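**Student:** Fold the stuff below for me.
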Amino acid sequence: MDEVGYKVGTNAESWRSDQSQTITFIVTEDCNLRCKYCYITHKTSNNVMDFEVAKEFIDYILTAPINRRDAAVIEFIGGEPFIEVELIDMICDYFKLKTYELKDKWYWNYRINICTNGVNYSDNAVQRFIYKNKGKISLTITIDGTKKKHDLQRVFPNGDGSYDIIRKNVDLWLQQFTGNTKVTFAHEDLPLLKESIIELWNIGIVDIAANVVYEDVWHEGDDLVFEAQIKALADYVIDNRIFDKYTCTLFDDMLGGPYTEEELAQTSCGAGKMLAVGPTGNIYPCMRYHHYSLNNKNEVIIGDAKTGIDADRVRAYGTLMYKYQSDEECLNCDYAKGCPFCQGFNYDEAESETNFQRAKYVCKMHKAQVRANNYYFARLYNEFGIKRKNSIVQKKLVFLLSDDYVTYCSNKNSSSSITKMDNDTIKKGLDFAHQNNLRPVFVHSSSANSFEDVPYYKYFNILHIIPAQYYNAIQGKELILVFDKDNITLEVPLQEYVILNVEQSEIGKLAEYVTTLFNKTNRINLNILGFNKDFNYSLYKEELIRIGHYIVQKIENAEGVKEINVLTDILLVNEHDHCGAGDKSITLAPNEKFYICPAFYMENTQNTVGDLDKGKNIPNEQLYSFKFAPLCNACDTYQCENCVYKNKKYTNEVNVSPSFQCKKSHTERAISLQLQTALEKEVSLTHYMENVEYSDPYDNLENLSDKDVQYYNTNL
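**Tutor:** This is a model prediction of the structure:
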């Protein structure tokens with residue numbers, strides 16, 4: 001397998017991005033082009049910044065008692081900023097002089113940033129300015145790709161295309177700067193996406209920031225065109241093996257998956273954290289709040305160059321977070337991560353004058369981009385062995401390739417049927433998984449290796465769960481090996497993690513099995529098969545203590561941490577990571593039907609919750625999520641399996657655990673508490689436990705004493 005990394009799929013680093021403060025000067029509202037997709041919809045030649053306004057703003061920024069970062073990015077924007085290159089030159093000179101006089105930290109730590117359309121790039125005045133600020137300036141020319149694509153959008157006021165003029169200046173620019181550009185796509189030019197990006201790479205522009213417009217311009221089917229174009233570009237990148245040479249923001253290993261709790265406290269852009277000053281001296285959260293790019297609302301002014309910033313007007317921008325700006329659709333979206341928006345555009349489109357409402361015109365386009373990225377990273381791994389560095393959390397579609405599938409959870413599969421999933425069903429299932437942002441998980445037969453690898457599979461990021469004895473039969477794939485007492489002594493290469501199935505009747509040998517298997521892996525997911533209310537908790541506790549001693553011994557011998565889900569997970573996660581059936585995963589059986597999990601399929605094939613043709617349809621789907629699990633919400637045994645099949649079987653509700661399942665988890669919790677001190681010396685724990693008085697969260701429910709349940713309490 002090739003061990004090189006990738007650049008296509010990462011973002012180019014910007015200068016001191018985590019330490020710099022962006023200060024934007026809107027030096028003019030005029031432009032020498034009339035790009036059709038431009039968000040500056042009210043251009044005028046009358047409003048040019050006065051130099052005295054710029055000086056006042058610089059004086060204020062450098063002397064006011066406001067928090068400033070260690071470095072500054074001085075950004076100039078229009079319209080077209082180089083229409084006023086002499087003014088920009090004067091502003092930069094004044095900034096340098098003033099920071100020198102004040103012995104300000106920004107005297108050394110600054111960069112000048114300009115994005116130009118390139119029309120007058122070769123003018124003498126522009127070239128003098130560039131030479132004068134050599135080493136301190138970052139400059140981008142916006143060129144959209146091929147001549148056809150560029151001239152569709154980037155036109156002069158008379159409608160003529162600008163490509164020929166700008167292309168000549170690009171050659172000069174590339175002699176002076178590293179090639180990076182911004183490319184925007186709208187409905188008309190989507191079919192030209194692939195060839196445009198390739199053209200830019202070929203002429204020497206190595207870093208491309210590409211995006212679609214946020215506005216309500218999209219037609220039915222545009223998302224499918226967008227996805228197809230990115231996938232075609234991915235094929236070009238893979239087939240020509242150039243994934244380590246360029247960057248393009250159409251590919252991003254951070255895209256997709258639901259928001260995490262940490263991410264919900266973030267937002268999509270830095271409005272309010274950056275500052276923009278307009279031609280008259282008004283200060284804005286960013287330039288998108290200036291009147292010339294607003295169509296429905298009044299501009300938002302947070303201060304002026306003379307009197308400074310109104311702190312109360314800025315407070316709202318410090319509170320902008322996904323969790324407050326998003327509706328339920330966005331908060332629960334399986335594609336949410338990386339979905340872009342502009343705060344100023346949100347404000348302009350909102351039903352009231354607020355920043356706490358998201359415009360969602362790019363929803364389908366973002367989902368298409370996520371699917372295309374999944375395709376790209378799947379090919380990258382399957383053909384070159386290069387894993388996606390930032391693996392996204394995806395819900396799963398579990399494929400039971402055979403009725404005698406290998407058991408991979410605590411519900412033992414005892415079927416002797418050899419009914420197999422045919423290739424057509426697998427292909428349809430993979431297509432369904434791709435369209436719904438689900439990760440395919442192939443669960444193989446327990447009795448024979450009959451898997452046929454086909455070329456179509458290389459387009460999907462498939463996880464294979466197989467019996468350990470068939471390890472050599474599937475090469476170059478992402479595997480989870482399943483062990484039991486019969487194959488536990490097999491010699492296999494060191495695995496990232498494995499599954500261990502132990503019968504309830506064999507619990508007395510648990511520690512022996514676990515310590516043997518730890519020679520092949522650093523992590524074990526343990527399943528107790530046949531687990532029910534007759535479980536021997538005392539014997540289980542003794543075996544867990546032995547396993548705990550083994551883990552501590554390995555730490556004391558500086559051999560690292562050995563993880564086993566039933567003991568260490570509770571210390572390493574801060575929320576319930578239950579079985580996920582019906583919530584984080586759904587199962588596809590050989591009959592093309594969907595089931596909550598394999599156990600529901602094996603119990604009764606009529607338990608279907610949809611099929612490949614009509615899609616999934618889970619009644620009361622919310623009940624499978626942690627949010628609707630009343631006992632789990634009253635409990636911190638985060639390692640609990642919380643098997644929804646057992647829940648339904650013993651309590652008649654998928655979201656209410658039987659007492660014996662809770663008791664097992666609290667038996668594990670007690671041993672984990674003893675491990676806590678040893679583990680925290682070796683790894684960073686996310687959950688610190690204390691002693692609790694209960695072994696069943698049912699006894700810990702709020703206001704339980706007020707409920708009329710005494711008749712049902714068998715402990716009385």
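
**Student:** Does Gly204 touch Gly179 like I think?
**Tutor:** Yes. Using C-beta atoms under 8 Å, Gly204 makes contact with Gly179 at a distance of 4.9 Å. For every residue, glycine as well, the C-beta is placed using N, CA and C.

**Student:** higher neighbour count, these two?
**Tutor:** The neighbour count for Gly204 versus Gly179, taken as other C-beta atoms under 10 Å, is higher for Gly179 (19 against 13).

**Student:** With adjacent residues omitted, what lies nearest to that one?
**Tutor:** Ile205 (3.7 Å; C-beta to C-beta, 6 or more residues apart in numbering).

**Student:** got it, and Glu563?
**Tutor:** Arg523 (4.2 Å).

**Student:** backbone phi and psi for the one you found, please?
**Tutor:** phi -150, psi 140 (degrees, to the nearest 10).

**Student:** Lys541: which element?
**Tutor:** helix 537-556 (DSSP states H and E).

**Student:** residues contacting the residue nearest to Gly179?
**Tutor:** If you count contacts by C-beta atoms under 8 Å, 6 or more residues apart in numbering, Ile205 has them with 143, 170, 174, 179-181.

**Student:** burial of the residue nearest to Glu563, as a residue count?
**Tutor:** 16.

**Student:** What are the neighbouring residues in contact with it?
**Tutor:** For Arg523, the contact set (C-beta under 8 Å, 6+ apart) comprises 496-498, 562-565.

**Student:** If any of the residues you listed are buried, put those into a ChimeraX selection.
**Tutor:** Entered in ChimeraX, the line below selects the buried ones among the contacts of Arg523, by 16 or more other C-beta atoms under 10 Å:
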select :498,562,563,564,565
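
**Student:** I'd like the next helix or strand past the helix holding Lys541.
**Tutor:** Defined by DSSP H and E, the subsequent element after helix 537-556 is strand 563-564.

**Student:** Could you check how far the closest residue in space to Tyr376 that isn't next to it in sequence is from Pro157?
**Tutor:** Nearest residue to Tyr376, sequence neighbours excluded (C-beta to C-beta, 6+ apart): Ala234, at 3.8 Å. Taking C-beta to C-beta, to the nearest Å as the measure, Ala234 falls 38 Å from Pro157.

**Student:** now swap in Glu195 and tell me
**Tutor:** Glu195 is 28 Å from Pro157, by C-beta to C-beta.

**Student:** In terms of neighbours, single out the busier of the two.
**Tutor:** Neighbour comparison, Glu195 and Pro157: the larger count goes to Glu195, with 17 against 10 (by other C-beta under 10 Å).

**Student:** Could you tell me which residues make contact with that one?
**Tutor:** So Glu195 contacts 145-146, 149 (C-beta under 8 Å, 6+ apart).

**Student:** Mind putting these into TSV with secondary structure?
**Tutor:** As requested, the contacts of Glu195 are exported to TSV (DSSP: H, G, I helix; E, B strand; the rest coil):
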residue	secondary structure
Gly145	coil
Thr146	coil
Lys149	helix
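
**Student:** Neighbour-wise, which one of those leads?
**Tutor:** Gly145 (27 neighbours).

**Student:** Name the nearest residue to it, ignoring sequence neighbours.
**Tutor:** Going by C-beta to C-beta, 6+ apart, Gly145 has Ser196 as its nearest residue, at 2.3 Å.

**Student:** Pull up the gap between that neighbour and Asp486, please.
**Tutor:** 58 Å.

**Student:** So for these two, which residue has more residues nearby?
**Tutor:** The neighbour comparison of Ser196 against Asp486 (other C-beta under 10 Å) goes to Ser196, with 25 against 11.

**Student:** Got phi/psi on that one?
**Tutor:** According to degrees, to the nearest 10, Ser196 has phi -70, psi -40.
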